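J.: after the sequence you'll find the predicted model.
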Amino acid sequence: MSSEANALSLSVDIGGTFTDIVAYSETAHVLYTHKELTTASEPERGVITGIHHLLEREKLDIANVRRVVHATTLFTNAIIERKGAPTGLITTAGFRDVLEIGSERKYELYDLFLKMPQPLVRRSLRCEVEERVSAGGKVEAALDTAMLIARVEMLCGHGVTSLAIVLLHSYANPVHEQQARDLIAERFPDLFVSISSDISPRIREYERTSTTVANAYIKPIADRYLRRLSEQLTEAGSRAELQLMLSNGGLTNINEARRKPIEMLESGPAAGAIAGSFFGARSNAMNVLAFDMGGTTAKLSMIDDGKPHVAYKFEAARQKRFAEGSGLPITISTVELIEIGAGGGSIAHLDSLGLMKVGPESASSDPGPACYMRGGKRPTVTDANLVLGYLDPEFFAGGTISISREAAVAALTPLAAAAGLPVTEVAWGIHNIVNENMASAARVHVAERGRDPRRYALLTTGGGGPMHGCEVARKLGLATVVCPPSAGVASAVGLLVAPARVDRDATVAMSMNTPDWTGLEAAYRQLESDARGVLTDTGVADDTVVMSRFADIRYVGQGFEVVVALPGGPYSANTKTSIVSAFETAYRQIFSRTPIGTGIEIVNIRVSASAPASRTEPKTSRAAQAGDHRAKKERPVYYGSAREFVVTPVFDRATLLPGNSVKGPAVIEEAESTLIVPPGAVAAVEAQGNLVITLPVQPASRSTHAGATVDA
C-alpha cells in the first residue's frame, strides 16, 4: 500500500510531440519532471515509459502514487484527422440529413468554392426510424422497435462499431432514446451507444446531433485507450485513482470520461489555462494572456481577475482557422482559447508566390524536426531556433534527447537557396513569422472581447513559450512577461492544481412572464444531484462541493442567448427581479443597451459543481543548487533587433535565487524549456520561483501597465 508519509501525485499531459510527466511529493513539496516523445500509435506506451524513466531517475516508488491526473489531445486529433470509429446514426424519420443541412449558413458569404465541414457519419450509415415526440414532450407516435432493430442490424453489417441515437425533441422527453438504448444493449452488447439526451440534452437539432455523433465517433477509441492505460498503471504497481481533465478546466473520474469523452476534446489546452491562472496569481498578475507553445501547436487564453474564460460552444476541425461556422459544432463547456498550428515541429515552406509560411503541418514526434535525426528532413521551428543559438544541443530536454545543429542547417539550406537568403536570415524569418502569427491571433482574440491587450502580462509556458514569449509580448506592446518554474511542463502542473468539476445543462424554454418556479427549481435540483453524484464518484467530499447556477436567457424573438450567472436557489416569485437584473446587466455588457418592452425567456439552464481535488497545493519553488548563480557558459545568440549573433551568457535557472536579477541579453535554461531574455530587458526571480521579465519601454506601449510585482 502507498505510504501517506511519502504520498505522490502524478500528472500526465500528452501533446502532439512530447508527453509531459510531473510527480509531486505531497510531503517534501518537490516537483519532479520528465519529457518523453509521444508514441502516437500507442500513446499509453509513451506514458508508461516516461513514468518509469521519471520514477527510476528520482528513486520514487510508484506504490506511493495516490492519484494520477491526465490530459490529452488524442480525441481532438481523431476528429481532425478523421480517425475515429466507424459510426452510425439513428434518427427520427425525416431528419437523416440534419448533419449536412446544418444551420444553412455560409461562413464566407462570397466564397464560391466554400468547403463546409464534412459530417463524421456518411449518409449511407444514417438511418431513420418511425417515432415522434412533440416539442412539449408528448409522445405522438410510439417508437417502432422492429424497425429500430432492423436498422441497427444493417449498420452492424456495414462495420459500424459505435452508434449515435438522436431523436426529435428528446431533450423534452428522452423516453424513446432510452428505450432504444436499452433494446440495443440487450441485442448488440458489443456496440457502443451514445444518446443525445445524455450527451447534449438541449434544443437545436444540428448542434445536438453533431455533438452526439462526435461523442460516438471517439467513444470506442477513448474507452480502449483509457482502459489500457488504467490496466498498465495497475500492472506497473500503481493503485492510484485515475482522474481526467475536461475541456472546462475541471477533473472527473475515468468512468465518466469513458461515457462522455467528448468533454475531453480540449483537455490539454484547458490544463495550460489553469496553469496560467495559478502561476499568474503568484506574481500578482490577475490579468494574464497565457501563452502555451508546445511541439505541435501554440495556444493562448485570456485570464481576467485570476480566472480563465469558459465558453459554452466549441467548433472542432474547422475548415478555416478563426472562421466561426466552418467547423463541427460541439455543445460542451470549454476554456476559451485560440490555437494556431505553430509549434516547435511546425514545418516551414515557400508558397506558390514564393512567400515563407510556417505550419500548420507539423513534423510531430515521428519523425520530428530534422535536428532530432529520426528521419525528418524538412525545416521546422525547432531547427531554426537551434541555428539561431536559442537551444543547446547538449542540454535539449535536459540532455535526454540528442539534437544536431548540422542536421538543422542541412534542412534549412534548400529553403534558404529557394528564398535566395542566407541560412541565418531564413532561420530568423521562421522564428519571426511564428511570433507574428501568434501575436496577430492574440490581437484579434483580445479585441473581439473588447479588451486592451496592454492591461495584461504575458505568461509563457510549454517547451517553446519562454523562447518566443518576449518577442510575442513586444509585438503586442506588453511590458511584462512571466515565466514560471518548470515552464515546459506547466500544463502538467496545471493538472495538479485543477479542481474537480462537472457541468450539466438542460432545456426548459420558460417565459419570465408566466414562470413555473416549482418546475424551474426542480430542474435545477435534478442537474445538481446528477453533478454531485459524479463528484462523489471522483472522490470528492460532499462538504467541499460548490454549486453555481447559470441560464441561457434571451429576449423573445431573438435567435441567440446570453449565458448569465444567477443567484443561488431556491427560486420563487421573489427571485424574478434578481434574475431579470442579472440578465440585463450581462446583456448591456455585450450590447451596451437593452430593448424596451420586450419579454424575456429562459431557454437552457446550467449548473457547475466544483471542488478542490487535491489536499495540497503544489509549491513550485526549488531550492537553489550549491555554488554561485553566475553564468555557466556563453554562446552566440542571434537577435533580430541587432541582426547579428551576440555572445550571450547562459544561466542555469536552478541556481538563481529569489531576489536575483539577470540583465538581457541572456539565456536562462532549465531541463524543460529555455528562456530568451532580449537586450534591454531584465529578468527577476520572485520568492515563489516565477521569473518576471520587464521589457524595455517602447514608444507605442509607453503607457502599458504590467500588473505583476517583482520582489527586490
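T.: Yep, that arrived. A quick note: this is a predicted structure, and the numbers were derived from the prediction, not measured.
J.: element containing residue 286, please.
T.: For residue 286, there is no host helix or strand (DSSP states H and E).
J.: and the nearest residue to it once chain neighbours are set aside, what does it touch?
T.: In space, and not counting its chain neighbours, residue 286 is closest to residue 306: 4.6 Å by CB to CB, 6 or more residues apart in numbering. Heads up, the C-betas are built off the backbone N, CA and C, glycines and all. Residue 306 makes contact with 277, 280-281, 286 under the criterion CB atoms under 8 Å, 6 or more residues apart in numbering.
J.: which one of those is nearest residue 631?
T.: Comparing the contacts of residue 306 against residue 631 with CB to CB places residue 280 closest, at 28.3 Å.
J.: which secondary element of this protein has the worst mean pLDDT?
T.: The weakest-scoring helix or strand in the chain, judged by mean pLDDT, DSSP states H and E, is strand 338-340 (a mean of 80).
J.: the next helix or strand after that strand: which residues count as buried?
T.: Downstream of strand 338-340, the next assigned helix or strand under DSSP H and E is strand 346-350. Of the residues in strand 346-350, 346-348 count as buried by neighbour count, 16 or more other CB atoms under 10 Å.
J.: distance between strand 346-350 and the chain's centre?
T.: Counting by CA atoms, centre = their mean, to the nearest Å, strand 346-350 is centred 25 Å from the centre of its parent chain.
J.: so after the helix of greatest length in the chain, what's the next helix or strand?
T.: Determined from DSSP state H, the single longest helix within the chain is helix 205-235. Downstream of helix 205-235, the next assigned helix or strand under DSSP H and E is strand 241-245.
J.: list of residues touching that following strand?
T.: Here strand 241-245 makes contact (CB under 8 Å, 6+ apart) with 66-71, 226, 229-230, 233, 251-254, 256-257, 264, 267-268, 270-271, 495, 498, 500, 538-539, 613.
J.: likewise stretch 344-351?
T.: Applying CB under 8 Å, 6+ apart, the external contacts of stretch 344-351 come out as 16-17, 293-296, 356-365, 368-369, 378-382, 384-385, 415, 418-419, 426, 430, 433-434, 463-464.
J.: mind doing that once more with 6 Å?
T.: Identification of contacts with stretch 344-351 by CB atoms under 6 Å, 6 or more residues apart in numbering yields 17, 295-296, 356-359, 361-364, 369, 378-382, 418, 430, 464.
J.: same deal with stretch 74-93?
T.: Applying CB under 6 Å, 6+ apart, the external contacts of stretch 74-93 come out as 43, 121, 125-130, 155, 159-168, 213, 216-218, 220-222, 261, 264-265, 316-317.
J.: what about that stretch, how long is it end to end?
T.: Using CA to CA, to the nearest Å, one end of stretch 74-93 lies 34 Å from the other.
J.: just stretch 369-389 next, same as before
T.: Stretch 369-389 stretches 16 Å from its first residue to its last (CA to CA).
J.: what comes up buried for that stretch?
T.: Neighbour counts over stretch 369-389 (16+ other CB under 10 Å) mark 369-373, 376, 378-389 as buried.
J.: got it, and stretch 418-435?
T.: For stretch 418-435, a neighbour-count test (16+ other CB under 10 Å) marks 419, 423-424, 426-435 as buried.
J.: now do stretch 88-101
T.: For stretch 88-101, the neighbour count (16+ other CB under 10 Å) marks 88-93, 95-96, 98-99 as buried.
J.: sorry, back to before: which neighbours in the sheet does the least confident helix or strand of the chain have, and how are they oriented?
T.: Paired strands of strand 338-340, with direction, are strand 298-304 (antiparallel) (DSSP bridges).
J.: what's the strand it pairs with in contact with?
T.: When contacts are defined by CB under 6 Å, 6+ apart, strand 298-304 is touched by residues 269, 272-273, 276-277, 287-292, 308-309, 337-340, 342-343, 438, 442.
J.: switch the cut-off to 8 Å
T.: Residues from elsewhere that reach strand 298-304 (CB under 8 Å, 6+ apart): 269, 272-273, 276-277, 280, 286-293, 308-309, 335-340, 342-343, 434, 438, 441-442, 445-446, 449, 451, 456, 462, 464-465.
J.: and the angle from it to strand 346-350?
T.: When axes from the mean of the first three to the mean of the last three CA atoms, to 10 degrees is applied, the directions of strand 298-304 and strand 346-350 differ by 120 degrees.
J.: right, and the helix or strand after strand 298-304?
T.: On the C-terminal side of strand 298-304, the nearest following helix or strand under DSSP H and E is strand 307-308.
J.: and the residue positioned nearest the centre of the chain, how far from residue 662?
T.: Nearest to the mean C-alpha position of the chain, by CA atoms, centre = their mean, lies residue 269 at 2.2 Å. Distance of residue 269 to residue 662, given as CB to CB, to the nearest Å: 30 Å.
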